[in-house]
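Peer 1: need a 3D model of the following:
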Amino acid sequence: MEEPLTEITLRRYEKPYQLTKRELLKKICLSLGLLQPADSRDVVIDILQIMIDAKEKKLLLSSEEIKNQVIEIRKNQNLSLNGIADSNIRRQLKKLRDIFIVEKIENKYRINEFEQLEKIFESKIEKFLLPQITERIKEYLKEL
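Peer 2: Numbers count the residues shown, from 1 in each chain. Next comes the predicted model:
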């Protein structure tokens, strides 16, 4: 089967130093493979911001509410409205779900268990996803 069961891209950038919140969110998205370098469609940054803000208020949001907030953010910051189609919003949410940052509960979304992102990375990605991936790679190497 050529379709991966799990996939994750991790990138290392310089240490965060005097970054705006949007720049910091962009580096996080780039570092976690949610955004590709030189991508002009960076709606995932706005979605992550919205989800973080909702976490602070313990809110679950529908994809429509997320889309409306993305449009508002992008208009306020004079950013292009490229990538705001419903299908793209859902695709970006799926990317966030695939690496366990966001979870879906009854057609609404939230940051996984309203947890801190650092804790999610540590428990879901570093201690759960990465060991599974590296173990499977070792199985292929051993088989060879």
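
Peer 1: mind listing residues that contact the host helix or strand of residue 30?
Peer 2: Counting by DSSP states H and E, the element that carries residue 30 is helix 21-31. Under the criterion CB atoms under 8 Å, 6 or more residues apart in numbering, residues 10-13, 16, 19, 34-37, 42, 44-45, 48-49, 77, 117 lie in contact with helix 21-31. Placement of C-beta: from N, CA and C, glycine included.

Peer 1: how does it look with 7 Å?
Peer 2: 10, 11, 13, 16, 19, 35, 37, 42, 44, 45, 48, 49 (CB atoms under 7 Å, 6 or more residues apart in numbering).

Peer 1: per-residue pLDDT, the residue positioned nearest the centre of the chain?
Peer 2: The residue lying closest to the centre of the chain (CA atoms, centre = their mean) is residue 96, at 3.6 Å. pLDDT, residue 96: 96.

Peer 1: let's see the helix or strand hosting it as CSV, backbone CA atoms only.
Peer 2: Per DSSP H and E: residue 96 is located in helix 86-98. Provided in CSV are the C-alpha atoms of helix 86-98 (Å, rounded to 0.1, in the frame of the first residue of the first chain):
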residue,chain,number,x,y,z
ASP,A,86,-15.3,25.9,3.0
SER,A,87,-13.4,22.9,1.6
ASN,A,88,-10.0,24.5,2.4
ILE,A,89,-11.0,25.5,5.9
ARG,A,90,-12.1,21.8,6.5
ARG,A,91,-8.8,20.6,4.9
GLN,A,92,-6.7,22.8,7.2
LEU,A,93,-8.7,21.6,10.2
LYS,A,94,-8.1,18.0,9.1
LYS,A,95,-4.3,18.7,9.0
LEU,A,96,-4.6,20.0,12.6
ARG,A,97,-6.6,17.0,13.6
ASP,A,98,-4.2,14.6,12.0
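
Peer 1: now do the buried residues in that helix.
Peer 2: 88, 89, 92, 93, 95, 96 (16 or more other CB atoms under 10 Å).
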